[in-house]
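[1] Any chance you could fold what I've pasted below:
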Amino acid sequence: MKPRSAVFVDAKLKQRVVQYLSSNRCGKYVDTGILASDLQRMYSIDYGRRKRNAFRIQVEKIFNIISHEKELKKLTELEDKHLTKRARQDEEDEYTESYSDDDSDVEDYTDPQSANHMNSSLLSLYRKGNSDSISNTPELEQRGATSSAPLLTSKTDSIPLKTPARESEGGWFIDKTLDEARDSFFLDLSDVKSNRKKPVSEIQNLKDSSLLESDKKQKGGPKGKGKKRKKEDLQEVDGEIEDILQKKAKARGLELQISSVKFEDVGGSDATLKEICKMLIHMRHPEVYHHLGVVPPRGVLLHGPPGCGKTLLAHAIAGELDLPILKVAAPEIVSGVSGESEQKLRDLFDQAVSNAPCIVFIDEIDAITPKREVASKDMERRIVAQLLTCMDDLNNGATTARVLVIGATNRPDSLDPALRRAGRFDREICLGIPDEASRERILQTLCRKLRLPDTFDFCHLAHLTPGFVGADLMALCREAAMCAVNRVLMKHQEQQKKNPKTEDLPSEGSNEERLGTEPTSQTQDELQNLLGLLRDQDPLSEEQMQGLCIELNDFVVALASVQPSAKREGFVTVPNVTWADIGALEDIREELIMAILAPVRNPDQFRALGLVTPAGILLAGPPGCGKTLLAKAVANESGLNFISVKGPELLNMYVGESERAVRQVFQRAKNSAPCVIFFDEVDALCPRRSDRETGASVRVVNQLLTEMDGLETRQQVFILAATNRPDIIDPAILRPGRLDKTLFVGLPPPADRAAILKTITKNGTKPPLDEDVSLEAIASDLRCNCYTGADLSALVREASLCALRQEMTRQKSGNRTDKLKISHTHFEEAFKKVKPSISVKEQMMYEALKKALSE
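    Here you go, the predicted model:
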């Protein structure tokens, strides 16, 4: 019989069971329950925390395997002895050939399927044995005296029904006669004289089950059926136990992964890595904590936006410590059967303890650990409670295991608060949106194996990628490589077209001829070139690929194809708006530089002067004067992360949701500091409170006040707000420490209007202006007195449309001009259509407001 598979057998436990059995502690009869209890007591460190029933089943399985191997060993030794005796008998009994079985009454037996070598040898002897009738007993005894080989005689009619075992000179002869078939089996055991008093049943058990199968078929009556049914029941129970063990082994059979990632592969996180190194000392030197009597930190919670490197950092920790890691996604733990999810968690931590020291990494842990007071199902509460218990058991006194638990999530606020207390996930590490310096180091790490020119400017590329996280930068590198490949192949194709080879002319032809069409536009021409690249199967030579590298221009082209993940998190990729795109507003520009750019560029000087709290600035003024444009230019020039919040988008109809949205905005900004939060139309978010008002708007204002200047300080989080109605904003928002500085962006004077017009028209080049157009004269026109910057942009656009309309009329009449320009008459027509957006009454109101703010 073939032994069962021992894939899930613990080799150390098997060795200890063998050692226990060899010490003769249990005598003849072995109780697996007592055996399991003794092992748990003797090896309490390894098995003290195992479940009794599960451990007993495992010990019983190992005991059965050991017993089966022992029986196989005995059968093999007995088989070898009988084969030796058979060879000796063949040499001594050559003269017995005269007693052939020509006149024998023995039936011809077919060769049954043998289970092992011993069975084959016994069957062979059974056929070659004495063919005479058993009635010739003297002859048998004489042959037994002259030969010590085992003899097997077949069916006769002269044997009594119950013949006792007879001892002859050659050894023991056991006559087993059935009730109906009356078969006789003679087994020679002359070499085991010390076992002569052994019961017949023990000797019979040494036979293979295939020899006894024919006997069982010939047995009649209810006794045989009962035995058969009992055997089937035992087989069914064994099958059920085996299935249970396989399911448990499969449930706990997570692979131990060996990580090859190191800290050097994680770029732009020097401060985070420094904090982690201090925390991981107990994994290398647990004796220090044990000597001091301090429980080491057990859990680490990594949180941050998607793609910031939480999973990479977990693998880097395992790789740097050279420890195996058990990685499991949180949804894999959830099961549809009640209680199985908790069992998976217990098995996971049991496997981690048995393989200690190791690391357990639970990705997206928020999927199984919601807040219990808002959990919709009891299963979620049970899973949270089980995880709490498992983590507490790791610090259970003397059996403290060297297991580090790492959790990763995008939503730390959704976790149950009990998980975030000391002793569980007591260390929280935030991986926010990287700043410009961090992006530069990340790009250098990602581009180590890429072919780049020696003069590649990582600093400039980092400046072009605000809001990009590590995954976005990796996608950018991949997209830039594709752009470089397309550029080189297109260049190679153009060279082939300029210098065609004579042998390539028939096959190459023209793409237009093969398709039957001619390219009518640049897009179709590019499509034809790309189709030609797909059809060309010739590989490039080493000379052609010699100068192939990814240039900075390839990255710039790839920027249009990669959307940063920060956009989905509320961050805004700063557009290409610089101070050069803003005409005038010089005094406001200086104030913004001192309030936002200077603390970032000169932090030591500000810290020496005690200027720790970042200032908040409110941009007030009529609509269309460039408040939002100023905020974009500030974010672009500073290189800071930029979060744009439209006031009404934070408001929610459900109670508490608006306040939670405000908290999330400030939390994201803190995680990505230094950062600028721009509240556009802030008057909708925090209107003036009254004694009678107790609605959602009051709660939102209170939440904003707390976040701006509460118990927790804003660490390099700059607040920039814009409004058209500063008079309706709650006064508490405008006090020092919050929005303590109000800058009025009013209607531009004539000089500023001229600067704005030059900025809009790119100094008269786009759109092209005629010689009779004077931007200073247009700016000094009385009709522009109430014009804002948006009104001036609309004026230039309307003049361009008038010029285009006039040119289209000329084309119909056949008088087409070579160059399209905007003349003075076009601006005169535009003045008739574009009216100022600020009325005289509103202008007076804003002037009064400006005086009130300046006092």
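[2] ok, and for stretch 817-832, which residues are buried?
    For stretch 817-832, the neighbour count (16 or more other CB atoms under 10 Å) marks 821-823, 826-827, 829-830 as buried. The way it works is simple: take the backbone N, C-alpha and C, and place the C-beta from them, glycine included.
[3] same deal with stretch 775-787?
    Going by neighbour count (16+ other CB under 10 Å), the buried part of stretch 775-787 is 775, 778-779, 784, 786-787.
[4] go on, stretch 422-442?
    Result for stretch 422-442 [16+ other CB under 10 Å]: buried residues 424-425, 427, 429-436, 438-442.
[5] what about Arg411, how many neighbours?
    13 (other CB atoms under 10 Å).
[6] dump the residue contacts of it.
    303, 366 (CB atoms under 8 Å, 6 or more residues apart in numbering).
[7] If we use 10 Å, what do you get?
    303, 364-367, 370, 664 (CB atoms under 10 Å, 6 or more residues apart in numbering).
[8] Quick one: which of those residues is the most crowded by neighbours?
    Tallying neighbours with other CB under 10 Å puts Ile365 at the head of these, with 27 neighbours.
[9] Excluding covalently adjacent residues, which one is nearest to that one?
    Gly407 (3.9 Å; CB to CB, 6 or more residues apart in numbering).
[10] Shouldn't the one you found be within a strand?
    Yes - according to DSSP: H, G, I helix; E, B strand; the rest coil, the state of Gly407 is that of a strand.
[11] Poorly predicted segments of the stretch 401-550 of the chain, please.
    Applying pLDDT under 70 to the stretch 401-550 of the chain flags the ranges 498-523, 526, 529-530, 532-538, 540, 544.
[12] mind checking how far Glu264 is from Gly307?
    Using CB to CB, to the nearest Å, Glu264 is found at 20 Å from Gly307.
[13] So between the two, which is more surrounded?
    Gly307 (23 against 11).
[14] give me every residue that touches the nearest residue to that one once chain neighbours are set aside.
    Using CB to CB, 6+ apart and skipping the chain neighbours, the partner closest in space to Gly307 is Ala471 (3.0 Å). By CB under 10 Å, 6+ apart, the residues touching Ala471 are 305-309, 312, 564-565.
[15] Name the helix or strand for Ala471, please.
    helix 470-498 (DSSP states H and E).
[16] in that helix, what's buried?
    Here helix 470-498 shows 470-477, 479-481, 483-484, 487-489 as buried, counting by 16+ other CB under 10 Å.
[17] From the chain's centroid, how far away is it?
    30 Å (CA atoms, centre = their mean, to the nearest Å).
[18] how far away is the residue nearest to Gly307 from Gln563?
    From Ala471 across to Gln563, the span is 12 Å (CB to CB).
[19] Kindly report the same for Val682.
    As judged by CB to CB, Val682 and Gln563 stand 28 Å apart.
[20] Tell me which of these two has more neighbours.
    Here Val682 and Gln563 are compared on neighbour count by other CB under 10 Å; more neighbours surround Val682, at 26 against 14.
[21] With adjacent residues omitted, what lies nearest to the more buried one?
    What sits nearest to Val682 in space, not counting adjacent residues and going by CB to CB, 6+ apart, is Ala721, at 4.1 Å.
[22] Could you confirm the one you found falls within a strand?
    Yes - assessed with three-state DSSP, Ala721 lies in a strand.
[23] Which strands or helices does the host helix or strand of Met391 pack on?
    Assessed by DSSP H and E, Met391 sits inside helix 378-393. Here helix 378-393 touches helix 330-333, helix 340-354, strand 358-363, strand 403-409, going by 3 or more CB pairs under 10 Å, 6 or more residues apart in numbering; DSSP states H and E.
[24] so how far is it off the chain centroid?
    With CA atoms, centre = their mean, you get 22 Å for helix 378-393.
[25] what's the answer for stretch 821-833, then?
    The answer for stretch 821-833 is 61 Å, by CA atoms, centre = their mean.
[26] That one - what's its average pLDDT?
    Mean pLDDT, computed over stretch 821-833, is 90.
[27] From the rest of the structure, what touches that stretch?
    761, 764, 767-775, 777-778, 781, 783-784, 794-807, 834.
[28] give me that answer again for 6 Å
    Stretch 821-833 is contacted from outside by 767-770, 772-773, 778, 783, 795, 798-799, 802-803, using CB atoms under 6 Å, 6 or more residues apart in numbering.
[29] Weed out the non-buried ones from these.
    Neighbour counting with 16+ other CB under 10 Å marks 767, 769, 773, 778, 795, 798-799, 802-803 as buried within these.
[30] Go through stretch 333-346 and flag the buried ones.
    Here stretch 333-346 shows 333, 341-346 as buried, counting by 16+ other CB under 10 Å.
[31] Quick one: find the helix or strand in this protein with the lowest mean pLDDT.
    In the chain, no helix or strand scores lower on mean pLDDT, DSSP states H and E than strand 172-173, which sits at a mean of 39.
[32] on that earlier part again, distance to Ala631 added to the buried residues of stretch 817-832, as a markdown table?
    Formatted as a markdown table, the buried residues of stretch 817-832 follow (distance: CB to CB, whole Å):
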| residue | distance to Ala631 |
| --- | --- |
| Lys821 | 35 |
| Ile822 | 31 |
| Ser823 | 36 |
| His826 | 33 |
| Phe827 | 30 |
| Glu829 | 34 |
| Ala830 | 29 |
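[33] To what extent is Arg298 buried, counted in neighbours?
    Arg298 is flanked by 21 other residues according to other CB under 10 Å.
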